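Participant: can you look at this prediction? I've put the sequence above it.
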Amino acid sequence: MSVLVVYALVAVFAALSGLNDGGNLLAVLASSRILPVAVVIAEMGTCMAAAPFLVGTRVAHTIGAGILPLPELSLPVVTAALLATLLTLAACYVSGLPTSITFALVGAMGGVGAVMLGMDRVHWLSVGRVAGWLVLSVVLAGGAGYAVHYVAKVLLGRVSARAGRAALWTEIATSACVCIGYGANDAEKTLGLLALVTGVSNHHVTFRVAPWMVGFSTAAFLGGLLVGGWRVARTIQGHVFRIRPIHAVMNELATAAVVIAASSLGGPVSTTQALDSSLVGVGASAHARRVRWRVVRKMAGVWLMTMPLAFLVGCVTGQLFVWGGYR
């Protein structure tokens, strides 16, 4: 099995991340209309590329070396995990709602590992920790979104309208923080896969994230965003509730705080989930009755079904590889 084919699958994974996650990010960062869309996209690319150097690569190591035993992996195992992840993401994309790339990847790795390596070879404790981080981040982001908007509402109510409008330009900083958080967490799943493929193809010499991997990941992400990110962006934009500039700034502030804190601790989370749950928190603080709870329930349903679905797809894909003589 050619290593170039596996690298190509990683590129498709990164592009789907751009399509799914990038669309979700774009929906929020551009919704305030303070920054032009082209500036937002350029900001996303720049901050994502800088994030691993600013915050570190602990999440990449968790994904690449923490779910399956690195010395026992082969290119067919990695290929099967990638194919299972892509199939799961494609199925979720049909729903038109953003899903969790992390849930899909970790679930697929668990399913493939259980079939091709054995149940006892999967690091289930690490899988559980990832699931725990994801749930915790959703709860924290929702609470943080509610809290920061409530505080801002009280403080801005005591200043002039001109000062209030000026404060909204802080979105330049808050949106950059969200993009750095994404680059230090979600985007590092691609870095972990690239380092994993490189290590396996070099007979497990070492697991190392190289600078070229950052450029590769960022370019593929932006390609996916430009191709199909707008579809997801239109689904999210205004569907949870009508976002005003103050809502966007508080949403980004709460999300960035949660995601960057998790990244610094090595906890893989989903920035899109944090962003969406924070948005619900902001909406509940602003106008709870205007939040479209039906859309929120549908998004939560997609999130909950992603990891079990990915695990099942991983089991089937792994079994097909075994029957085909690939190990």
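Facilitator: Yep, it's here.
Participant: longest helix in the chain, please.
Facilitator: helix 124-156 (DSSP state H).
Participant: and that helix, which residues are buried?
Facilitator: 126-127, 129-131, 133-134, 137-138, 140-142, 144-146, 148-150, 152, 156 (16 or more other C-beta atoms under 10 Å). (C-beta placed from N, C-alpha, C; glycine too.)
Participant: what about the helices in the stretch 51-200 of the chain?
Facilitator: 58-66, 75-94, 101-116, 124-156, 161-167, 171-184, 188-201 (DSSP state H, counting those that start in this stretch).
Participant: can I get the ones you listed in JSON lines with distance to G223 and mean pLDDT?
Facilitator: Listed next are the helices of the stretch 51-200 of the chain as JSON lines, based on distance: least, C-beta to C-beta, whole Å; pLDDT from 0 to 100:
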{"stretch": "helix 58-66", "distance to G223": "20", "mean pLDDT": "88"}
{"stretch": "helix 75-94", "distance to G223": "15", "mean pLDDT": "89"}
{"stretch": "helix 101-116", "distance to G223": "16", "mean pLDDT": "92"}
{"stretch": "helix 124-156", "distance to G223": "26", "mean pLDDT": "88"}
{"stretch": "helix 161-167", "distance to G223": "35", "mean pLDDT": "62"}
{"stretch": "helix 171-184", "distance to G223": "16", "mean pLDDT": "86"}
{"stretch": "helix 188-201", "distance to G223": "12", "mean pLDDT": "91"}
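Participant: returning to that earlier point: the longest helix of the chain to helix 58-66, inter-axis angle?
Facilitator: 160 degrees (axes from the mean of the first three to the mean of the last three C-alpha atoms, to 10 degrees).
Participant: other SSEs contacting helix 124-156?
Facilitator: Packed against helix 124-156, as judged by 3 or more C-beta pairs under 8 Å, 6 or more residues apart in numbering; DSSP states H and E, are the following elements: helix 58-66, helix 101-116, helix 245-264, helix 271-287.
Participant: what would those helices look like in TSV with mean neighbour count and distance to A84?
Facilitator: What follows is the helices and strands packed on helix 124-156, written out as TSV (neighbours: other C-beta atoms under 10 Å; distance: least, C-beta to C-beta, whole Å):
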stretch	mean neighbour count	distance to A84
helix 58-66	24	15
helix 101-116	28	4
helix 245-264	25	25
helix 271-287	27	20
